[in-house]
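*Asks:* Please find the sequence and the predicted model below.
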Amino acid sequence: MPAAPGARNPAHGNKARGFTYLGVLFMVAFMGIGLAVTGAVWRTAALRDKEAQLLYIGGQYRQAIQRYYINGLRLYPQTMDDLLRDPRKPGMERYLRKRYFDPMTGNAEWGIVKGPDGGIMGVYSLSQDKPIKVAGFKLPDRAFEGAAHYSDWKFVYDPAAQGMPASTVAASPPTMPQATSP
């Protein structure tokens, strides 16, 4: 018996609903793939930002240790708090504004590189994660190239590596040579 005009064919309606369901499944699958890719890109960008923070903060610690070493008796600080307030001087002298958190671990604890006098010669992250950045470091950090872990990035002040003997005073500015008259 033919269907009445304007009436729906039940077999045709089930096929249309099946295609709509299949279309929704594909759309959800593509959205999931897109979110996964976006998540991976975001994680990489966040990790690169943490690496940049680690390089900055490690550089701050290296500079603070250098200033402490040069402004005193050529000794390294015995504690991290010595960088916040120099106990060797009567006034308030700071080499570091505050103690920084390790951006890779989120903790205030850092690895310590001991100097020959037993003081703090440098710091490093305690993270055992593999770094994204493995090349293209600036001159003070060139030793980090090819490092397997963030803990291999050691921010050390070594006067011998700076070309400055331990007994030389580097605080005086260089003098300009005087021009001789003919």
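*Replies:* Thanks, I have it. Numbers count the residues shown, from 1 in each chain.

*Asks:* where exactly do the helices run in this structure?
*Replies:* Using DSSP state H, the helices of the chain run over residues 10-70, 81-84.

*Asks:* Just give me how far the first one sits from the chain centre.
*Replies:* For helix 10-70, the separation from the chain centroid amounts to 18 Å (computed by Cα atoms, centre = their mean, to the nearest Å).

*Asks:* picking up where we left off before, and the helices of the chain: which comes nearest G146?
*Replies:* Set against G146 and scored by Cβ to Cβ, the helices of the chain come closest in helix 10-70, at 14.9 Å. In short, each C-beta sits where N, CA and C put it, glycine included.

*Asks:* Report all helices and strands that the closest one contacts.
*Replies:* helix 81-84, strand 120-124, strand 154-156 (3 or more Cβ pairs under 8 Å, 6 or more residues apart in numbering; DSSP states H and E).

*Asks:* Quick one: end-to-end distance for stretch 64-81.
*Replies:* End-to-end span of stretch 64-81 (Cα to Cα, to the nearest Å): 11 Å.

*Asks:* what's the answer for stretch 67-79, then?
*Replies:* Using Cα to Cα, the end-to-end distance of stretch 67-79 comes to 15 Å.

*Asks:* dump the residue contacts of the residue lying closest to D86 once chain neighbours are set aside.
*Replies:* Distance criterion Cβ to Cβ, 6 or more residues apart in numbering; nearest residue to D86, sequence neighbours excluded, is E93 at 4.3 Å. Each residue near E93 by Cβ atoms under 8 Å, 6 or more residues apart in numbering is listed here: N71, R85, D86.

*Asks:* okay, the helices and strands packed on helix 10-70 in a markdown table with mean neighbour count, mean pLDDT and distance to L75 next?
*Replies:* Shown next, in a markdown table, are the helices and strands packed on helix 10-70 (neighbours: other Cβ atoms under 10 Å; pLDDT from 0 to 100; distance: least, Cβ to Cβ, whole Å):
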| stretch | mean neighbour count | mean pLDDT | distance to L75 |
| --- | --- | --- | --- |
| helix 81-84 | 18 | 94 | 10 |
| strand 120-124 | 22 | 97 | 10 |
| strand 154-156 | 21 | 97 | 15 |
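
*Asks:* wait, which of the ones you listed is closest to A147?
*Replies:* Ranking these by proximity to A147 (Cβ to Cβ) places strand 154-156 first, at 9.2 Å.

*Asks:* Can you tell me what sits against that closest one?
*Replies:* G58, G59, Y61, R62, G111, V113, M121, G122, V123, Y124, D141, A143.

*Asks:* so what pLDDT did the last one get?
*Replies:* This means A143. For A143, the pLDDT comes out at 93.
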